[in-house]
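Visitor: What shape does this take:
(chains A and B)
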Amino acid sequence: MERIKAIGIDAGSTAIKVVGINEKGNIVFYKVEPTSFQMKPQLEKIIEELPKDVPIGATGYGGDLISNATITASEIRCHSKGAHLFLKGPGTVIDIGGQDSKVIVIDQEGEVIDFTMNDKCAAGTGRFLETTAWRLKTPVEEMARFAEKADREVQVSSVCAVFAESEVISMVAKGEPMEAVIKGLHRALAKRVASLAQSLNIIPPILLSGGVAQNPVIKSMLEEELKEKIIVPPYPQLMGALGAAIISMESKTKVTNR
Amino acid sequence: MAYEELYKKLDMDIEKHNQLMEILGQVYQELFLSRKNRPEGMNYFDGVIAEIHGKRIEELFALKEQGRALVGTFCIFVPEEIVVAAKGACYGLCGGAQFSIPEAEAHLPRNICPLIKSAYGFKLQRTCPYTQLADVIYGETTCEAKKKTWELLSQLHRVHVMHIPHKKETLERELWRKEIERFKVEIEELAGNTISFENLKEGIETVNAKRNAMKRLYDLRCKDGVVSIAGLDALLVNQISFYDDPVRFAQQVNQLCDELEERIEKGISVFPEDVPKILVSGTPMAPPNWKLHSIIEQSGAAVVAEEACIGARYFRDNVDVSGCETVEDLIDALLERYLKIDCACFTPNDERVENVIKMCREKRVDGVVYYTLSFCHTYNVESKKVMDRLKEEGIPVLRIETDYSMEDVEQIRTRVEAFIETLR
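Guide: The predicted structure follows:
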């Protein structure tokens, strides 16, 4: 393994993401594991296995639990910093995570100009696809493949993850092909995220991150809705952790922002 | 259980009330008492909170036994000067806690504002001694949900509704004048005597003095770069202004201000020197709603002003009694003062937008958090105008919509932290 210069930990509510970066900020090590009920011991165990004497940047809901972090920073700032490595200038980050979605407009240096997030519900987040996938007895990773096979799309009117579930069931019961329903679900999510993005003055290029960025149908639908080309970085779910690592490498002294 | 006898007289649900007070005690310890470097003058206000359902209730009960009028309200439109003139007490009613909302939702729709649900729930639960004590609850017509909830509340308690106009033209001025006159007659009936010119003038002067003290606190809480008192503490003082005896309260606020003046002189700040300074603008925060302030201040910024009814809107303008010779003159003076209230229930309401900008300049804030309770349509819709104007002025603004529940605290923290980072 290449020598790790800094570590970033994004202790999220659904998963803990860890990256190690080299001097250039390239990811040379990463690890993703689901968040357990006992987050603190879980984090301690993860840290034990990491190389010592390198700066650690921490973010996410559990960021404060990482006692030996050199720096903690907000999720929004970490996502911006991580994405900036790929945007290489000003631009917009759309992050669709498991429980929230963010749109962040960043400047030349990767600092936040403006941002917005979804309200406190699962509409416009990965959870929307997850719950409906579960209802359709389809693995969530397969959802895009089904959508791609569809020759048309059914209009799903609900953006609420719970109501969409019942809407989907009634559609399937009415005899709508599953592919068309799944494509419709993708459209509902993409439209929701696009309207979130349009509430800001977004700057191209747009980078899509978060677990949902691995879904190619969401990517192309967002391109249609926003009429902009979208970049998906390698390891899109690691942008927050990557940003935390970069911030820890940049900050020489120990500071705590929160 | 020192006050159990009193609670029984007030037909309260004592067991449920104990649960409420236990939660309140824990939260207060965590958010207030455990903080370092608080002004000593806060001791009095800590004591008020400790006895908020104790000594103060005893005092009010004693007034009731003397036949004085006790008036509970939910809005700064109710002219408390008239109640004070009649030697009665006018106070705000509980409406800031999640605790009573589940009960309320058995009667009220879920999608109306939490303040109304909370207040109505306290009456259903019989856990708010202030509500139980009130001879009459004065509702008003500032929004649709309140207006219709009063109809339901009146089945449980004596309720009067003041007709608050929604425009400020000739017709509405006439209407509002009539409402103030009617209010005076009703209070006189309750108190069993008429309010003389001297009584009313004295009542006005008492409340003016209280507002002056609060204005002084507004000036001193952040001055010459020194944040002399945490935003949470200043918010608490603003909240207590609706419960306490007005004369004693003004004295205590002035005493606190003397201490803050010393702190400013010595440069004693509760935050680091370069702390970002925030104005919170929007819907009122009734106690124990300390959610947003605590998140902001835990995230490393200081709240230095509240543009809200529990905040500057309450104490900004005084009643000008100069040249008044008759009761009618005083009522005119009240009319003038109350029509300066820039509540979002008015249309148009451009003076509010300008007042927000003015406050930003006065307090030299780094940013604004626009706070709106869920389903508060007036403040919610008006956020666009306020935010557009702030952006025009180059003042960063973050909009937060939430209720009293704790489920979204971490989501709000994420936004607030990122916002504060952009201000550095």
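
Visitor: Mind telling me what element the residue nearest to B:E307 when sequence neighbours are not counted is part of?
Guide: With Cβ to Cβ, 6 or more residues apart in numbering or on different chains as the criterion, B:E307 has its nearest non-adjacent residue at 3.9 Å, and that residue is B:S281. (Glycine included, C-beta is placed from N, CA and C.) Taking DSSP states H and E as the criterion, B:S281 maps to strand B:277-282.

Visitor: closest point of chain A to chain B, which residue?
Guide: The nearest approach of chain A to chain B comes at A:I76, 3.2 Å away (Cβ to the nearest Cβ).

Visitor: if I've got this straight, that residue is in a strand?
Guide: No. Counting by DSSP: H, G, I helix; E, B strand; the rest coil, A:I76 falls outside a strand, being helix.

Visitor: Between its first and last residues, how far does stretch B:238-246 reach?
Guide: End-to-end distance for stretch B:238-246: 12 Å, by Cα to Cα, to the nearest Å.

Visitor: would you list every one of the helices in chain A?
Guide: A:39-48, A:75-87, A:126-135, A:143-149, A:161-173, A:178-198, A:216-226, A:239-250 (DSSP state H).

Visitor: In CSV: the ones you listed, plus mean neighbour count and mean pLDDT.
Guide: Converted to CSV, the helices of chain A look like this (neighbours: other Cβ atoms under 10 Å in any protein chain shown; pLDDT from 0 to 100):
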stretch, mean neighbour count, mean pLDDT
helix A:39-48, 15, 92
helix A:75-87, 27, 94
helix A:126-135, 21, 88
helix A:143-149, 19, 93
helix A:161-173, 16, 87
helix A:178-198, 22, 93
helix A:216-226, 19, 96
helix A:239-250, 29, 95
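
Visitor: can I get those helices in JSON lines with distance to B:G231?
Guide: JSON lines is the format used below for the helices of chain A (distance: least, Cβ to Cβ, whole Å):
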{"stretch": "helix A:39-48", "distance to B:G231": "30"}
{"stretch": "helix A:75-87", "distance to B:G231": "22"}
{"stretch": "helix A:126-135", "distance to B:G231": "34"}
{"stretch": "helix A:143-149", "distance to B:G231": "46"}
{"stretch": "helix A:161-173", "distance to B:G231": "36"}
{"stretch": "helix A:178-198", "distance to B:G231": "30"}
{"stretch": "helix A:216-226", "distance to B:G231": "39"}
{"stretch": "helix A:239-250", "distance to B:G231": "28"}
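
Visitor: would B:E306 count as being in a strand?
Guide: Yes. Counting by three-state DSSP, B:E306 is found in a strand.

Visitor: Okay, and the beta partners of the residue nearest to it when sequence neighbours are not counted?
Guide: Among residues not flanking B:E306 along the chain, B:V280 sits closest, at 5.2 Å (Cβ to Cβ, 6+ apart). Legend: beta-bridge partners of B:V280 under DSSP bridges are B:E306, B:V369.

Visitor: Can you classify B:N289 by secondary structure?
Guide: Criterion first, three-state DSSP; result for B:N289: coil.

Visitor: now it, nearest residue through space, not along the chain?
Guide: That would be B:G96: by Cβ to Cβ, 6+ apart, it lies 4.0 Å from B:N289.

Visitor: So the one you found: helix, strand or coil?
Guide: Assignment for B:G96 (three-state DSSP): coil.
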